[in-house]
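# How does the following fold in three dimensions:
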Amino acid sequence: MRTRLVRQPGQPGTKDLVTQYGDRLICVRYRYDSLQKKRHKTVELIIETVDWIPPLAPDTCVAVRVALHEYDIQRKIRGAGGTWNRTRQVWEMRYDQVLALGLRDRMVDAE
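Predicted coordinates for the structure are as follows:
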């Protein structure tokens, strides 16, 4: 099947579907099947909306809280290129390195 036409809500050919589906309607597609000589009208709908936080890029700098007495972890962070931020009292390093060292649960929000 080949899609030849895509209509957005409000364009010709979508009026009844906008009435039926309302704001959930994303688009209407007309697909053509040359073997069966049929045209299919399909709709794309929103069926669920939830909060979502996009994943961090691997090279994003993040803050990690490590206690002063945890020397082994501090040494690993330094070895991975992390730096100490004296003002914020946190280690700053790349997100991919945080994951590699298993320190994701120690990340703190940017202030």
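
# show me where pLDDT drops low in the protein?
Along the chain, the model assigns pLDDT under 70 to residues 110-111.

# Can you list the residue ranges for strands in it?
Assigned strands in the chain, in chain order: 2-7, 25-33, 38-45, 61-64, 83-85, 90-94, 107-108 (criterion: DSSP state E).

# How about the contacts made by the nearest residue to G82 once chain neighbours are set aside?
Closest residue in space to G82, ignoring its immediate chain neighbours: M93 at 3.5 Å, by C-beta to C-beta, 6 or more residues apart in numbering. Bear in mind the C-beta positions are built from the backbone N, C-alpha and C, glycine included. M93 makes contacts with C61, V62, V64, I77, A80, G81, G82, T83, as judged by C-beta atoms under 8 Å, 6 or more residues apart in numbering.

# need the strands of the chain in TSV with distance to Y71, can you?
As requested, those are arranged in TSV below (distance: least, C-beta to C-beta, whole Å):
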stretch	distance to Y71
strand 2-7	60
strand 25-33	54
strand 38-45	55
strand 61-64	15
strand 83-85	13
strand 90-94	13
strand 107-108	20
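
# for these, which one sits closest to I53?
Nearest of the strands of the chain to I53, taken as C-beta to C-beta: strand 107-108 at 12.6 Å.
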